[in-house]
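Asker: need the 3D shape of this:
(one chain, ligands or ions: 2)
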Amino acid sequence: MNEIENAAECLREGKLVAFPTETVYGLGADARNEAAVLRVFAVKGRPADHPLIVHLADAHQADEWAAEIPEAARCLMARFWPGPLTLVLPARDDVPRVITGGQDSVALRVPSHPVALSLLRAFGGGLAAPSANRFGAVSPTEAGHVHATLGSQIDLVLDGGSCSFGLESTIVSLLGPRPRVLRPGALPLSALREALGKDGIEFGALPMSAPRVPGALAAHYAPATVLEIHACEILAARAAVLLAQGLRVAVLRRDNGLQGQTALPMLTQFFLPAQPEDYARGLYARLRELDAFAFDRVLVEAPPDEEAWWAVNDRLARAAAGHARKLET
Ligand code: TXA
Ligand code: MG
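Answerer: Ligands and ions are numbered 1, 2, ... in the order given. Below is the predicted model:
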(Lines give C-alpha, C1' and ligand atoms only; values in the text may rest on other atoms or scores of the structure.)
(Ligands and ions follow the chains in the order given, each with its own letter.)
Protein backbone atom coordinates (compact mmCIF):
# COMPACT_ATOMS: atom_id res chain seq x y z
CA MET A 1 0.00 0.00 0.00
CA ASN A 2 1.44 3.42 -0.82
CA GLU A 3 1.62 6.24 1.71
CA ILE A 4 -1.50 8.05 0.49
CA GLU A 5 -3.63 4.89 0.45
CA ASN A 6 -2.36 4.02 3.91
CA ALA A 7 -3.28 7.52 5.15
CA ALA A 8 -6.77 7.27 3.59
CA GLU A 9 -7.22 3.89 5.31
CA CYS A 10 -6.20 5.43 8.65
CA LEU A 11 -8.81 8.17 8.15
CA ARG A 12 -11.50 5.57 7.37
CA GLU A 13 -10.61 3.88 10.67
CA GLY A 14 -11.25 7.17 12.48
CA LYS A 15 -7.58 8.03 12.99
CA LEU A 16 -6.05 11.50 12.71
CA VAL A 17 -3.70 12.31 9.83
CA ALA A 18 -1.81 15.59 9.50
CA PHE A 19 -1.28 16.60 5.88
CA PRO A 20 0.26 19.49 3.96
CA THR A 21 -1.84 22.09 2.19
CA GLU A 22 -0.62 25.07 0.20
CA THR A 23 -1.43 27.33 3.19
CA VAL A 24 -0.46 25.47 6.39
CA TYR A 25 -0.50 21.85 7.60
CA GLY A 26 -3.95 20.55 8.55
CA LEU A 27 -4.94 18.00 11.18
CA GLY A 28 -7.33 15.77 9.23
CA ALA A 29 -10.19 13.58 10.38
CA ASP A 30 -13.18 12.01 8.61
CA ALA A 31 -15.69 14.87 8.79
CA ARG A 32 -18.61 12.41 9.05
CA ASN A 33 -17.05 10.54 11.99
CA GLU A 34 -18.07 12.34 15.16
CA ALA A 35 -15.63 10.52 17.45
CA ALA A 36 -12.70 11.35 15.16
CA VAL A 37 -13.73 15.01 14.96
CA LEU A 38 -14.02 15.18 18.74
CA ARG A 39 -10.47 13.87 18.99
CA VAL A 40 -9.31 16.73 16.75
CA PHE A 41 -10.83 19.20 19.22
CA ALA A 42 -9.21 17.37 22.14
CA VAL A 43 -5.74 17.19 20.55
CA LYS A 44 -5.81 20.88 19.62
CA GLY A 45 -7.27 21.95 22.95
CA ARG A 46 -9.86 23.81 20.90
CA PRO A 47 -13.20 24.92 22.40
CA ALA A 48 -16.14 22.95 20.97
CA ASP A 49 -17.90 26.03 19.61
CA HIS A 50 -15.08 26.93 17.20
CA PRO A 51 -16.00 25.32 13.88
CA LEU A 52 -13.71 23.39 11.52
CA ILE A 53 -13.20 23.70 7.77
CA VAL A 54 -14.29 20.69 5.67
CA HIS A 55 -11.76 19.97 2.93
CA LEU A 56 -13.01 18.47 -0.34
CA ALA A 57 -11.43 16.93 -3.44
CA ASP A 58 -13.45 19.08 -5.85
CA ALA A 59 -16.27 21.61 -6.09
CA HIS A 60 -18.88 18.96 -7.02
CA GLN A 61 -18.68 17.60 -3.48
CA ALA A 62 -19.81 20.95 -2.08
CA ASP A 63 -23.44 19.91 -2.69
CA GLU A 64 -23.00 17.12 -0.12
CA TRP A 65 -22.34 19.75 2.58
CA ALA A 66 -23.98 23.04 1.57
CA ALA A 67 -27.77 23.37 1.60
CA GLU A 68 -27.58 26.14 -0.94
CA ILE A 69 -24.81 27.51 -3.16
CA PRO A 70 -25.43 31.08 -4.31
CA GLU A 71 -24.22 32.31 -7.68
CA ALA A 72 -21.35 34.30 -6.14
CA ALA A 73 -20.11 31.12 -4.41
CA ARG A 74 -20.19 29.19 -7.68
CA CYS A 75 -18.21 31.99 -9.29
CA LEU A 76 -15.58 31.90 -6.51
CA MET A 77 -15.33 28.10 -6.59
CA ALA A 78 -14.84 28.07 -10.36
CA ARG A 79 -12.21 30.76 -10.14
CA PHE A 80 -10.22 29.88 -7.01
CA TRP A 81 -10.65 26.17 -6.25
CA PRO A 82 -8.43 24.32 -5.81
CA GLY A 83 -6.73 27.07 -3.81
CA PRO A 84 -6.44 29.05 -0.58
CA LEU A 85 -10.07 30.18 -0.31
CA THR A 86 -12.60 28.91 2.26
CA LEU A 87 -16.32 29.53 1.70
CA VAL A 88 -18.88 29.64 4.53
CA LEU A 89 -22.27 28.41 3.28
CA PRO A 90 -25.59 27.29 4.79
CA ALA A 91 -25.10 23.72 6.05
CA ARG A 92 -27.28 20.77 5.05
CA ASP A 93 -29.23 19.24 7.91
CA ASP A 94 -27.13 16.05 7.77
CA VAL A 95 -23.82 17.88 8.38
CA PRO A 96 -22.63 16.86 11.87
CA ARG A 97 -23.00 19.91 14.09
CA VAL A 98 -19.83 18.92 15.93
CA ILE A 99 -17.94 20.29 12.89
CA THR A 100 -19.87 23.52 12.61
CA GLY A 101 -19.61 24.34 16.30
CA GLY A 102 -23.39 24.03 16.50
CA GLN A 103 -23.99 26.59 13.76
CA ASP A 104 -26.17 26.09 10.69
CA SER A 105 -23.32 27.05 8.36
CA VAL A 106 -20.35 25.05 7.14
CA ALA A 107 -16.91 26.17 5.88
CA LEU A 108 -15.65 24.41 2.73
CA ARG A 109 -12.36 24.46 0.88
CA VAL A 110 -10.64 22.53 -1.93
CA PRO A 111 -6.88 22.79 -1.30
CA SER A 112 -4.42 22.81 -4.19
CA HIS A 113 -1.45 21.01 -2.60
CA PRO A 114 -0.89 17.78 -4.59
CA VAL A 115 -0.53 15.66 -1.43
CA ALA A 116 -3.76 17.08 0.03
CA LEU A 117 -5.61 16.50 -3.24
CA SER A 118 -4.31 12.93 -3.59
CA LEU A 119 -5.34 12.19 -0.01
CA LEU A 120 -8.81 13.70 -0.51
CA ARG A 121 -9.31 11.73 -3.72
CA ALA A 122 -8.15 8.48 -2.13
CA PHE A 123 -10.34 9.08 0.92
CA GLY A 124 -13.34 10.07 -1.17
CA GLY A 125 -15.16 12.19 1.43
CA GLY A 126 -14.77 15.41 3.37
CA LEU A 127 -11.91 15.91 5.80
CA ALA A 128 -12.32 18.20 8.76
CA ALA A 129 -8.92 19.82 9.09
CA PRO A 130 -7.98 22.75 11.31
CA SER A 131 -4.40 23.94 11.29
CA ALA A 132 -2.29 21.25 13.00
CA ASN A 133 -1.28 23.25 16.08
CA ARG A 134 -2.45 23.74 19.65
CA PHE A 135 -5.34 26.21 19.85
CA GLY A 136 -4.06 29.79 19.77
CA ALA A 137 -0.51 28.85 18.73
CA VAL A 138 1.37 29.43 15.49
CA SER A 139 0.26 27.26 12.53
CA PRO A 140 2.75 24.68 11.17
CA THR A 141 4.23 25.23 7.72
CA GLU A 142 6.52 22.16 7.73
CA ALA A 143 5.97 18.53 8.74
CA GLY A 144 8.64 18.94 11.43
CA HIS A 145 6.54 21.63 13.14
CA VAL A 146 3.66 19.17 13.47
CA HIS A 147 5.90 16.42 14.80
CA ALA A 148 7.41 18.82 17.34
CA THR A 149 4.08 19.92 18.82
CA LEU A 150 1.39 17.27 18.19
CA GLY A 151 3.47 14.34 16.95
CA SER A 152 2.86 12.01 19.84
CA GLN A 153 -0.91 12.52 19.82
CA ILE A 154 -1.70 11.86 16.18
CA ASP A 155 -1.52 8.75 14.05
CA LEU A 156 0.32 9.91 10.94
CA VAL A 157 1.99 13.01 9.49
CA LEU A 158 2.33 13.24 5.70
CA ASP A 159 5.37 15.27 4.68
CA GLY A 160 4.84 17.56 1.70
CA GLY A 161 7.68 19.98 2.34
CA SER A 162 7.25 23.67 3.17
CA CYS A 163 3.86 25.25 2.48
CA SER A 164 3.97 27.58 -0.50
CA PHE A 165 1.76 30.34 1.03
CA GLY A 166 2.57 29.87 4.71
CA LEU A 167 -0.56 31.71 5.92
CA GLU A 168 -4.07 30.32 6.35
CA SER A 169 -6.74 30.52 3.66
CA THR A 170 -8.87 33.60 3.13
CA ILE A 171 -12.37 32.94 4.54
CA VAL A 172 -15.41 34.41 2.77
CA SER A 173 -18.94 34.10 4.15
CA LEU A 174 -21.83 33.77 1.67
CA LEU A 175 -24.52 33.85 4.34
CA GLY A 176 -25.41 37.52 3.89
CA PRO A 177 -26.59 39.60 0.95
CA ARG A 178 -23.01 40.12 -0.20
CA PRO A 179 -19.87 37.98 0.14
CA ARG A 180 -17.92 39.06 3.23
CA VAL A 181 -14.28 38.40 4.15
CA LEU A 182 -14.18 36.96 7.67
CA ARG A 183 -10.44 36.26 7.72
CA PRO A 184 -7.82 37.81 5.43
CA GLY A 185 -5.45 35.15 4.20
CA ALA A 186 -3.43 33.64 1.41
CA LEU A 187 -5.81 34.63 -1.38
CA PRO A 188 -5.34 38.39 -1.82
CA LEU A 189 -8.28 40.78 -1.67
CA SER A 190 -7.36 42.10 -5.08
CA ALA A 191 -8.17 38.65 -6.52
CA LEU A 192 -11.59 38.60 -4.85
CA ARG A 193 -12.34 42.09 -6.09
CA GLU A 194 -11.31 41.12 -9.58
CA ALA A 195 -13.71 38.17 -9.50
CA LEU A 196 -16.69 39.89 -7.85
CA GLY A 197 -16.27 43.53 -8.81
CA LYS A 198 -15.07 46.43 -6.68
CA ASP A 199 -18.28 46.60 -4.62
CA GLY A 200 -18.97 42.87 -4.75
CA ILE A 201 -17.24 42.09 -1.46
CA GLU A 202 -17.48 43.32 2.15
CA PHE A 203 -14.92 43.12 4.93
CA GLY A 204 -14.80 42.22 8.58
CA ALA A 205 -16.50 39.66 10.78
CA LEU A 206 -20.11 40.45 11.64
CA PRO A 207 -20.34 41.24 15.37
CA MET A 208 -22.53 38.16 15.78
CA SER A 209 -20.08 35.79 14.15
CA ALA A 210 -16.96 37.20 15.79
CA PRO A 211 -16.74 34.83 18.76
CA ARG A 212 -17.24 31.85 16.46
CA VAL A 213 -14.12 32.53 14.43
CA PRO A 214 -10.98 31.77 16.46
CA GLY A 215 -8.95 33.63 13.87
CA ALA A 216 -11.01 36.63 14.95
CA LEU A 217 -9.98 36.46 18.58
CA ALA A 218 -7.62 39.30 19.38
CA ALA A 219 -5.03 36.85 20.69
CA HIS A 220 -4.29 33.99 18.30
CA TYR A 221 -1.46 32.64 16.15
CA ALA A 222 0.86 33.53 19.04
CA PRO A 223 4.40 32.28 19.62
CA ALA A 224 5.74 31.79 23.17
CA THR A 225 8.03 34.82 22.84
CA VAL A 226 6.55 38.19 23.77
CA LEU A 227 6.25 40.35 20.64
CA GLU A 228 5.83 44.08 20.25
CA ILE A 229 5.18 45.77 16.90
CA HIS A 230 6.69 49.19 16.29
CA ALA A 231 7.37 51.56 13.43
CA CYS A 232 10.96 51.34 12.24
CA GLU A 233 11.88 54.78 13.63
CA ILE A 234 10.92 53.75 17.17
CA LEU A 235 12.75 50.40 17.32
CA ALA A 236 16.06 51.74 18.62
CA ALA A 237 14.51 53.84 21.41
CA ARG A 238 12.18 51.06 22.54
CA ALA A 239 15.04 48.54 22.51
CA ALA A 240 17.15 50.88 24.64
CA VAL A 241 14.41 51.04 27.29
CA LEU A 242 14.10 47.25 27.42
CA LEU A 243 17.86 46.66 27.42
CA ALA A 244 18.18 49.06 30.35
CA GLN A 245 15.74 46.81 32.22
CA GLY A 246 18.16 43.94 31.64
CA LEU A 247 15.93 42.12 29.14
CA ARG A 248 17.26 40.01 26.27
CA VAL A 249 15.90 41.73 23.18
CA ALA A 250 15.89 40.85 19.47
CA VAL A 251 14.45 42.58 16.43
CA LEU A 252 12.54 41.09 13.50
CA ARG A 253 12.85 43.31 10.45
CA ARG A 254 11.95 43.50 6.80
CA ASP A 255 14.92 42.89 4.56
CA ASN A 256 14.24 45.92 2.35
CA GLY A 257 17.77 47.21 1.91
CA LEU A 258 17.14 50.14 4.29
CA GLN A 259 18.61 48.52 7.41
CA GLY A 260 21.71 50.68 7.16
CA GLN A 261 19.62 53.81 7.68
CA THR A 262 18.43 52.64 11.09
CA ALA A 263 21.35 50.71 12.47
CA LEU A 264 20.65 48.72 15.64
CA PRO A 265 24.16 47.63 16.59
CA MET A 266 23.32 46.38 20.10
CA LEU A 267 20.67 43.92 18.99
CA THR A 268 20.35 40.47 17.52
CA GLN A 269 18.44 40.96 14.28
CA PHE A 270 16.30 38.53 12.33
CA PHE A 271 14.96 39.23 8.87
CA LEU A 272 12.04 38.34 6.67
CA PRO A 273 11.78 39.20 2.95
CA ALA A 274 10.55 42.61 1.80
CA GLN A 275 7.62 41.44 -0.33
CA PRO A 276 4.35 40.47 1.40
CA GLU A 277 3.97 37.00 -0.20
CA ASP A 278 7.55 36.07 0.68
CA TYR A 279 7.23 37.54 4.18
CA ALA A 280 4.04 35.52 4.73
CA ARG A 281 5.69 32.32 3.54
CA GLY A 282 8.46 32.64 6.11
CA LEU A 283 6.64 34.27 9.02
CA TYR A 284 5.46 31.28 11.06
CA ALA A 285 8.73 29.36 10.69
CA ARG A 286 10.64 32.47 11.82
CA LEU A 287 8.39 32.91 14.86
CA ARG A 288 9.05 29.28 15.85
CA GLU A 289 12.76 29.80 15.39
CA LEU A 290 12.64 32.88 17.64
CA ASP A 291 10.93 30.85 20.35
CA ALA A 292 13.91 28.50 20.41
CA PHE A 293 16.19 31.45 21.35
CA ALA A 294 13.94 32.36 24.28
CA PHE A 295 14.39 36.13 24.05
CA ASP A 296 12.51 38.13 26.67
CA ARG A 297 11.13 40.39 23.99
CA VAL A 298 11.15 40.56 20.19
CA LEU A 299 10.47 43.90 18.55
CA VAL A 300 8.82 43.48 15.15
CA GLU A 301 9.30 46.23 12.60
CA ALA A 302 5.74 47.07 11.47
CA PRO A 303 5.20 46.18 7.81
CA PRO A 304 3.52 48.82 5.62
CA ASP A 305 -0.10 49.61 6.40
CA GLU A 306 -1.22 48.56 2.93
CA GLU A 307 -3.85 46.16 1.61
CA ALA A 308 -1.27 43.71 0.26
CA TRP A 309 -0.01 43.33 3.85
CA TRP A 310 -3.46 42.91 5.42
CA ALA A 311 -3.18 39.19 6.21
CA VAL A 312 0.39 39.52 7.53
CA ASN A 313 -0.50 42.56 9.67
CA ASP A 314 -3.57 40.72 10.96
CA ARG A 315 -1.49 37.71 12.09
CA LEU A 316 1.26 39.86 13.60
CA ALA A 317 -1.26 41.91 15.58
CA ARG A 318 -2.86 38.74 16.98
CA ALA A 319 0.53 37.17 17.73
CA ALA A 320 1.45 40.30 19.72
CA ALA A 321 -1.98 40.50 21.40
CA GLY A 322 -1.39 37.00 22.75
CA HIS A 323 0.94 38.63 25.22
CA ALA A 324 -0.84 41.90 25.88
CA ARG A 325 -1.61 40.82 29.43
CA LYS A 326 1.96 39.77 30.17
CA LEU A 327 3.11 43.22 29.05
CA GLU A 328 0.75 44.96 31.42
CA THR A 329 2.25 43.20 34.38
O1 TXA B 1 -5.64 27.50 5.38
C2 TXA B 1 -6.48 27.04 6.14
O3 TXA B 1 -7.65 27.45 6.18
C4 TXA B 1 -6.04 25.90 7.08
C5 TXA B 1 -5.72 24.68 6.21
C6 TXA B 1 -5.38 23.47 7.04
O7 TXA B 1 -6.79 24.43 5.35
N8 TXA B 1 -7.03 25.61 8.04
C9 TXA B 1 -7.31 26.46 9.08
O10 TXA B 1 -8.24 25.94 9.95
O11 TXA B 1 -6.79 27.54 9.21
P12 TXA B 1 -8.52 26.55 11.40
O13 TXA B 1 -9.46 25.59 12.06
O14 TXA B 1 -7.24 26.81 12.08
O15 TXA B 1 -9.29 27.85 11.09
C16 TXA B 1 -10.56 27.72 10.49
C17 TXA B 1 -11.33 28.97 10.59
C18 TXA B 1 -11.66 29.30 12.01
O19 TXA B 1 -11.39 30.68 12.21
C20 TXA B 1 -13.12 28.96 12.09
O21 TXA B 1 -13.82 29.62 13.08
C22 TXA B 1 -13.58 29.33 10.71
O23 TXA B 1 -12.57 28.80 9.92
N24 TXA B 1 -14.87 28.68 10.42
C25 TXA B 1 -15.10 27.38 10.24
N26 TXA B 1 -16.41 27.16 10.04
C27 TXA B 1 -17.02 28.35 10.10
C28 TXA B 1 -18.36 28.79 10.01
N29 TXA B 1 -19.35 27.93 9.81
N30 TXA B 1 -18.61 30.10 10.13
C31 TXA B 1 -17.61 30.99 10.35
N32 TXA B 1 -16.31 30.63 10.46
C33 TXA B 1 -16.02 29.34 10.33
MG1 MG C 1 -5.77 27.62 13.16
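
Asker: which parts of stretch 167-177 are buried?
Answerer: Residues of stretch 167-177 classed as buried: 167-175 (neighbour count, 16 or more other CB atoms under 10 Å). C-beta: built from backbone N, CA, C; applies to glycine.

Asker: equivalent analysis for stretch 56-71, please.
Answerer: Buried residues in stretch 56-71, defined by neighbour count with 16+ other CB under 10 Å: 56-57, 59, 61-62, 64-66, 69-70.

Asker: how long is that stretch end to end?
Answerer: Stretch 56-71 has an end-to-end distance of 19 Å (criterion: CA to CA, to the nearest Å).

Asker: quick one: it near ligand 1?
Answerer: No - applying CB under 6 Å from any ligand atom, one finds stretch 56-71 separated from ligand 1 by no less than 10.6 Å.

Asker: identify each of the strands in the stretch 51-200 of the chain and give its residue range.
Answerer: 53-55, 85-90, 105-109, 127-128, 156-157, 170-173, 180-183 (DSSP state E, counting those that start in this stretch).

Asker: just checking, residue 270 touches residue 251?
Answerer: Yes - counting by CB atoms under 8 Å, residue 270 sits close enough to residue 251 to count as a contact (7.0 Å).

Asker: what about ligand 1: which of the buried residues of stretch 167-177 touch it?
Answerer: 168-169, 171.

Asker: and residue 28, helix, strand or coil?
Answerer: strand (DSSP: H, G, I helix; E, B strand; the rest coil).

Asker: which parts of the stretch 201-329 of the chain are helices?
Answerer: Here the stretch 201-329 of the chain has its helices, by DSSP state H, counting those that start in this stretch, at 232-244, 276-293, 310-321, 324-328.

Asker: what's the average pLDDT for the first one?
Answerer: Mean pLDDT, computed over helix 232-244, is 92.

Asker: domains in this structure, as residue ranges please.
Answerer: Here the domain parsing of the chain from automatic domain parsing is 3-196, 226-328.

Asker: so which of those domains is the most surrounded?
Answerer: domain 3-196 (a mean of 20; mean count of other CB atoms under 10 Å).
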